[in-house]
Every structure is written in C-alpha cells, then in structure tokens.
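**Student:** Here is a sequence with its predicted model. Questions after.
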Amino acid sequence: MTLLVKLLTKTATVPTKGSEFAAGWDLYADENCQISFGERKLVSTGIALAIDPDKVGLIWPRSGIAAKCGIDTGAGVIDSDYRGEVKVLLFNHGNVPFRINRSDRIAQLLIVPAYDQSIVVAYEFAEKTARGENGFGSTGR
C-alpha cells in the first residue's frame, strides 16, 4: 500500500514512522499554538491524504504526550474519500498549558481496513452468547 500525501504548505511535514515496525505514522503540527488545561483545539498538519477506498485513517494519541502531559485526541476518522487538510483535535486533560511548536509530533495515524457491510434490522438475534447483554465492567469479575 502506498499512502499519497499532499503538502498544502511550505512548512508541512510528511508523516514518519518512529521505528521499522511502528503501526502508526507520526503526524506533525504545522502551526505554533497552546492548549490550556481543560481545553481542546484543532491543530493544522498542513497535509491532505489520498487513502485507498478499502481503508480508513484513524488518528490516535502519541503515547508519550498522553502519559506525560494528558494530551488526547478526538474525532479521529479520516474517510477514504476526504481530500481536505488533516487536522488533529487535541484535548488537554493535564493541569498545565501544553505548548505546540510547528514540526512537533502531535498524534499518530493508523491506516486500517474499512469493511463495507450492509445493515439489516433484526428483531431477535438467533445466536445467544455467554455474555449476553451484560456490559460496562461485567467481564472484569
């Protein structure tokens, strides 16, 4: 698979992998900004992507800034037919402002299969499972 990346600005950074077997591509900020604690911000990457039609891009947090600074991502689905700028929604769950500089790694992009399925309304499920309708912590007992 080849991921096509279009640089929308002169300062945009092409996504990179941190190691040979890294699952995700590091996404870089294309702006300087700050996210106060408790705030969220859309951060520009300066890139657009052409993702294969049978795939989807998922934006995930970088483990280092998530663990150390409380920075998380949201709204992280890039459909294969989207050709606009990729922006990263970052949340600051930490207790101090988080400074972002242009060219900082801010998130990671995973490209995964997107299965096309049809939906059929079912009034009952023929197959029963051991778990049934038990949820929210029911398997941790």
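**Tutor:** Received, thanks. Residues are numbered from 1 along each chain as shown.
**Student:** who touches the residue nearest in space to the middle of the chain in this structure?
**Tutor:** Taking Cα atoms, centre = their mean, the centroid of the chain lies closest to residue 59, which sits 0.9 Å from it. Residue 59 makes contacts with 27, 73, 75-78, 86, 88-89, 107-109, as judged by Cβ atoms under 8 Å, 6 or more residues apart in numbering. Where you see a C-beta, it was placed from the backbone N, CA and C, and this is true even at glycine.
**Student:** Show the average pLDDT along the helix or strand where residue 26 lies.
**Tutor:** For residue 26, the element it lies in under DSSP states H and E is strand 25-28. For strand 25-28, mean pLDDT is 98.
**Student:** buried residues in it?
**Tutor:** Neighbour-count burial for strand 25-28, counted by 16 or more other Cβ atoms under 10 Å, picks out 25-28.
**Student:** and the two most separated of the contacts of residue 59?
**Tutor:** Pairwise distances across these peak at 15.0 Å for 75 and 108 (criterion: Cβ to Cβ).
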